[in-house]
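1. Take a look and give me a structure for this.
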Amino acid sequence: MNSVAQEIIQIGKLIYDKGYNAGKDGNISVRLDKDHIMITASGALLGFLTNDDLIIVNNNGDPVDETTKKPSSEIILHTEIYKERSDINAVIHAHAPYSIALSMLDIDTEHHLYSTAAGPIPITETALPSCSDSWNKIQPFVKKRSKAILKRHGLVAWGKDLMTAFVKLEETEHFAKSLVHAFAVKHIEPISQEIQDKLFITWGIK
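-> Model prediction:
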């Protein structure tokens, strides 16, 4: 458990240092075993986490130990992703600025791809924070994708372990940053359907 806590603390600082999150926004969780999850507390500062900011909950999001702190308000998002994917052991949600900006530009991201490891980035409908709405909006993408942008809200990435989830988050924010900067200069023509299909096959989506 201590090693998991240390990894969450390190990733939280990395997310903060790279500008993928600010203040009390964002949350991180790791599946400890089939019945327990470690998640950041509500209001925790991802860049300055301590052991006291990490809470162990059951699969319903209820703390298993006595604590005065509450798990992240996005607990439903995390627990439902784990229920949907038994192979997923880590989830990161960050209010990454370029991903949020991209979600407000109404750009068809799946036709503005380039040869990046990020692959296509689905964007959901607008998702209200701190309730089941985030899960409801992202659920259609969870089985076949590893990340998605909640429109006007933030970025969610999930993976077999915490570093994998972080890499997915970083790839997505880099993609979003590139696209936002490109569209700030001029309108960018989308790629052809033929190239999109080939890229999707490469990424194992089709």
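
2. Report the residue spans of the chain with pLDDT below the cut-off.
-> 1, 111-119, 199-206 (pLDDT under 70).

3. and with 50 instead?
-> The model of the chain has no residue with pLDDT under 50.

4. could you pull out the helices for it?
-> 2-17, 75-84, 97-103, 133-142, 162-185, 193-202 (DSSP state H).

5. Dump the ones you listed into CSV; add distance to Ile121 and mean neighbour count as well.
-> For every residue, glycine as well, the C-beta is placed using N, CA and C. Formatted as CSV, those follow (distance: least, C-beta to C-beta, whole Å; neighbours: other C-beta atoms under 10 Å):
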stretch, distance to Ile121, mean neighbour count
helix 2-17, 18, 17
helix 75-84, 17, 21
helix 97-103, 8, 22
helix 133-142, 10, 19
helix 162-185, 6, 19
helix 193-202, 12, 13
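
6. Could you save these as JSON lines and add columns showing distance to Ile56?
-> Below are those laid out as JSON lines (distance: least, C-beta to C-beta, whole Å):
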{"stretch": "helix 2-17", "distance to Ile56": "10"}
{"stretch": "helix 75-84", "distance to Ile56": "12"}
{"stretch": "helix 97-103", "distance to Ile56": "29"}
{"stretch": "helix 133-142", "distance to Ile56": "21"}
{"stretch": "helix 162-185", "distance to Ile56": "15"}
{"stretch": "helix 193-202", "distance to Ile56": "39"}
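
7. Point to the residue nearest the middle of the protein.
-> Val156 (1.7 Å; C-alpha atoms, centre = their mean).

8. Give the bridge partners for that one, please.
-> His93, Ala148 (DSSP bridges).

9. Now for the residue lying closest to Thr126 once chain neighbours are set aside, how many residues are close by?
-> The shortest distance from Thr126 to any non-neighbouring residue, by C-beta to C-beta, 6 or more residues apart in numbering, is to Lys151 (4.6 Å). For Lys151, the neighbour count with other C-beta atoms under 10 Å is 18.

10. list the contacts for Lys151?
-> Shown in contact with Lys151 (C-beta atoms under 8 Å, 6 or more residues apart in numbering): Ser103, Met104, Ile123, Thr124, Glu125, Thr126, Ala127, Lys137.
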